[in-house]
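Undergrad: Provided below for reference: sequence and predicted model.
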Amino acid sequence: MKKHIVLLTVLLMNVFVAIAQDDVNFIDDKMKDDYLLASPNEKLRLDSINSIFVEQFKKRQVSGFGNVLFGMVKEDVLPMLKNKFGNPSDSDFGNSIDFKNIRYAGFSFDKAYFNFQSDGIKSYLNGCVLLKTAKSKQEVETIQSNLKMTLSKKYNDLVEGTDEKGFKLYSGGISPLWDGNLYNLSLDDFAAVRIDAIEYTRDVVEVFGYRYAVRIVYGPYNYVKEEF
């Protein structure tokens with residue numbers, strides 16, 4: 001068993017390094033089973049190694065936007081948002097509290113959407129979208145680059161990709177729902193925040209005068225567990 005645990009330790013270190021480099025996004029079931037079968041002393045050894053990576057991942061974990069934490073109920077979120085951004089743009093909130101023309105962390109955003117998930121009794125903040133309009137692809141690239149530099153300071157280097165229209169995609173961070181146990185990390189816990197771009201239809205351009213928008217998207221995170 002000792003030889004097996006040494007092998008598992010090496011495997012864990014390789015996997016966690018790969019995760020830190022965004023090469024893999026999950027801990028497989030066999031590694032979880034091997035950990036459960038380990039002796040108390042062997043688990044202590046693995047936990048010591050794991051703690052290094054836990055701390056690194058916790059630094060990348062999304063908690064909220066400003067002082068508003070994801071998972072808070074709407075009744076508590078609303079007065080905090082009003083104090084920060086003034087009155088919402090719509091008095092009928094539904095599953096979203098929306099603002100226009102806000103400024104945050106040195107950036108101006110045309111719109112901000114704070115989205116909620118309801119269990120039928122209470123509604124929980126489960127995501128946020130910040131939107132900044134642009135009139136050209138060059139402006140889109142400039143906005144995305146500036147936002148990437150800012151978010152990378154908090155979530156380390158963001159993973160870069162490209163969507164089907166050729167716009168850059170940047171993603172990073174770990175879900176606020178992660179419980180801090182490395183063996184419970186899943187694919188859904190990664191890419192908790194992203195920067196993307198959208199292109200509007202001609203009708204929208206004619207009415208509002210802008211063709212593109214850059215977004216910072218947090219979530220959505222699933223706080224309501226539904227079962228039959």
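TA: That came through, no problem.

Undergrad: Quick check: Glu55 is in a helix.
TA: Yes. Under DSSP: H, G, I helix; E, B strand; the rest coil, Glu55 falls within a helix.

Undergrad: where does it land on pLDDT?
TA: Confidence at Glu55, expressed as pLDDT, is 87.

Undergrad: cool, Phe208 as well?
TA: Phe208 is assigned 80 on the pLDDT scale.

Undergrad: What is the neighbour count of it?
TA: 12 (other CB atoms under 10 Å). All C-beta atoms are positioned from the backbone trio N, CA, C, and that covers glycine.

Undergrad: ok, it to Ala112 distance?
TA: In this structure, Phe208 and Ala112 are 17 Å apart, going by CB to CB, to the nearest Å.

Undergrad: Which residues are in contact with Ile195?
TA: With contact set as CB atoms under 8 Å, 6 or more residues apart in numbering, Ile195 has these partners: 144, 147-148, 151, 158, 168-171, 214-217.

Undergrad: Model confidence for it, exactly?
TA: Value for Ile195, per-residue pLDDT: 97.

Undergrad: how far is the helix or strand that contains it from where the chain is centred?
TA: Taking DSSP states H and E as the definition, Ile195 sits inside strand 190-199. Taking CA atoms, centre = their mean, to the nearest Å, one finds strand 190-199 lying 9 Å from the centre of the chain it belongs to.

Undergrad: buried stuff in that strand?
TA: By neighbour count on 16 or more other CB atoms under 10 Å, the buried set for strand 190-199 is 190-197.

Undergrad: So which residues of this structure form helices?
TA: Assigned helices in the chain, in chain order: 2-20, 29-37, 40-59, 74-85, 137-155, 202-208 (criterion: DSSP state H).

Undergrad: out of these, which comes closest to Ser118?
TA: Nearest of the helices of the chain to Ser118, taken as CB to CB: helix 74-85 at 8.7 Å.

Undergrad: neighbours of the closest residue to Pro220 other than its chain neighbours, just the number please.
TA: Leaving aside its chain neighbours, Pro220 sits nearest to Gly127 (3.9 Å; criterion: CB to CB, 6 or more residues apart in numbering). Per other CB under 10 Å, the neighbour tally for Gly127 reads 21.

Undergrad: For Gly127, list each beta-bridge partner.
TA: Beta-bridge partners for Gly127, by DSSP bridges, are Asn115.

Undergrad: Same question for Ile97.
TA: So, taking DSSP bridges as the rule, Ile97 has Phe114 as bridge partners.

Undergrad: is it true that it touches Leu81?
TA: Yes. The pair Ile97 / Leu81 is scored as a contact, 6.1 Å apart, by CB atoms under 8 Å.

Undergrad: okay, which residue is most central for the chain?
TA: Ala192 (1.9 Å; CA atoms, centre = their mean).

Undergrad: Tell me the spatial nearest neighbour of that residue, not counting adjacent residues.
TA: Gly173 is the one closest to Ala192 (CB to CB, 6+ apart), at 4.0 Å.

Undergrad: quick revisit: okay, the residue nearest to Pro220 and Phe190: tell me how far apart.
TA: Distance of Gly127 to Phe190, computed by CB to CB: 16 Å.

Undergrad: lowest confidence element among the helices and strands of this structure?
TA: When each helix and strand of the chain is scored by mean pLDDT, DSSP states H and E, helix 2-20 comes last, with a mean of 44.

Undergrad: what's near enough to touch the residue nearest to the centre of the chain?
TA: By CB under 8 Å, 6+ apart, the residues touching Ala192 are 61-62, 172-176, 218-219, 221.

Undergrad: again, only this time at 10 Å
TA: By CB atoms under 10 Å, 6 or more residues apart in numbering, the residues touching Ala192 are 60-62, 70, 127, 155, 171-178, 217-219, 221.
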